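Q: Need coordinates for the below:
(one chain, ligands or ions: 1)
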Amino acid sequence: MKLAEKLCNCKSTGRKGLIIYITAGYPDYHTTLEAVKAVEAAGADLVEIGLPFSDPMADGPIIQQAAAQALAAGATVGKTLELVTKLKQETTIPLAIMTYYNIVLQYGIDKFTADFAQAGISGLIIPDLPLEESAAVEPLCRQMGIDLIQFIAPTTTLERLKPICSQAAGFLYCISNTGVTGVRHIDYGQLAPLLAAVRRETDLPLAIGFGIGTPEAARQAAKQADAVIVGSAVMERLMKQDVAAVREFTASLRLALDRGEQG
Ligand SMILES: O=P(O)(O)OC[C@@H](O)[C@@H](O)c1c[nH]c2ccccc12
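A: Next comes the predicted model:
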């Protein structure tokens, strides 16, 4: 299913979307495969597969460490393509690739979008791709049926909202704070004015990411948006525990989101 459809479906039914981030190849590709299956079974709606990069400037310590270890263990674009291909055979959950622009440029924008589209990804997230340069990437994604995800941050000015929203596809990634990825306490209520401004510009689902570490934080964030994105808290469980802990944690997030709707 197309990413936009899946999350729009969540939006129209009022069910909150749950997006889980997992670093590809940490600690190995077999574990990534198992982890994606586990979060699908636990009720995630979309998985963001992180393609590791050596200089992940938007990432905090947990995801930085996961990327470094995945690279040391031999993670590559090619192996991640194979992983996606395999996941499309063994799961039905939509997948997005999250990576840095350098990786895409090195591989070739054309080839990157064509190969990953063929493998079956629905979305592409490139946090260091400036809106101005997305003209080089967005048409290729559109041609290939990939949603190129745009970001909104508390620092995004009202003038920038319009051009960002007009190019957006799939969903809007609303960053909860201006730091790096990682669990921290955030007052999601403070995002309300920004999110209201974004809603005036687009009908796409809004997903809040950065900082969510507990089911309660997910529930609070989901009050403000259509979906939540959780990365570091998931990767921390994979590092310190195992795939079963990731499954359990994802199920607890799902439960909190479903309960939040009633309360
Ligand atoms: O880790 P957090 O705080 O839960 O944030 C989500 C995040 O992990 C995921 O979307 C992501 C991982 N690396 C990124 C880099 C930039 C933007 C987003 C990301």
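Q: When you work out contacts or count neighbours from here on, use the C-alpha atoms and nothing else.
A: Fine.
Q: Which residues of the stretch 101-250 of the chain lie near the ligand?
A: 127, 181-183, 209-212, 229-232 (CA under 6 Å from any ligand atom).
Q: if you set the cut-off to 8 Å instead, what comes out?
A: 125-128, 175, 180-184, 209-213, 229-234 (CA under 8 Å from any ligand atom).
Q: Can you pick out the ones from these that are in helices?
A: 232-234 (DSSP state H).
Q: which of the residues of the stretch 101-250 of the chain next to the ligand are buried?
A: 125-127, 175, 180-183, 209-213, 229-234 (16 or more other CA atoms under 10 Å).
Q: Strands - which of those land there?
A: 125, 175, 209, 229-230 (DSSP state E).
Q: is it possible to export those to CSV including pLDDT?
A: CSV is the format used below for these (pLDDT from 0 to 100):
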residue, pLDDT
125, 98
175, 96
209, 97
229, 98
230, 98
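Q: quick check, nearest of those residues to the ligand?
A: Among these, residue 230 lies closest to the ligand (CA to the nearest ligand atom), at 3.8 Å.
Q: Distance check, that closest one against residue 237.
A: Distance of residue 230 to residue 237, given as CA to CA, to the nearest Å: 12 Å.
Q: can you list the weak-confidence ranges in the stretch 1-150 of the chain?
A: 1-2, 4 (pLDDT under 70).
Q: Show me where it has its helices.
A: For the stretch 1-150 of the chain, applying DSSP state H, counting those that start in this stretch gives helices covering 3-13, 29-41, 61-72, 77-90, 101-107, 109-119, 138-144.
Q: Could you check the angle the fourth one makes with helix 109-119?
A: Going by axes from the mean of the first three to the mean of the last three CA atoms, to 10 degrees, helix 77-90 is angled at 20 degrees with respect to helix 109-119.
Q: and the angle from helix 77-90 to helix 29-41?
A: Using the same axes, to 10 degrees: helix 77-90 against helix 29-41 is 40 degrees.
Q: is the ligand contacted by helix 77-90?
A: No - Helix 77-90 lies out of reach of the ligand by CA under 8 Å from any ligand atom, never closer than 15.7 Å.
Q: Which elements pack onto that helix?
A: helix 29-41, helix 109-119 (3 or more CA pairs under 8 Å, 6 or more residues apart in numbering; DSSP states H and E).
Q: where's it relative to the chain centroid, distance-wise?
A: 17 Å (CA atoms, centre = their mean, to the nearest Å).
Q: swap in stretch 17-36?
A: On CA atoms, centre = their mean, the centre of stretch 17-36 falls 12 Å from that of its chain.
Q: What of stretch 38-45?
A: 14 Å.
Q: Now do the buried residues in that stretch.
A: 38-40, 42-45.
Q: Dump the ones in helices among the residues of the stretch 101-250 of the chain next to the ligand to TSV, plus pLDDT.
A: Listed next are those as TSV, based on pLDDT from 0 to 100:
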residue	pLDDT
232	98
233	98
234	98
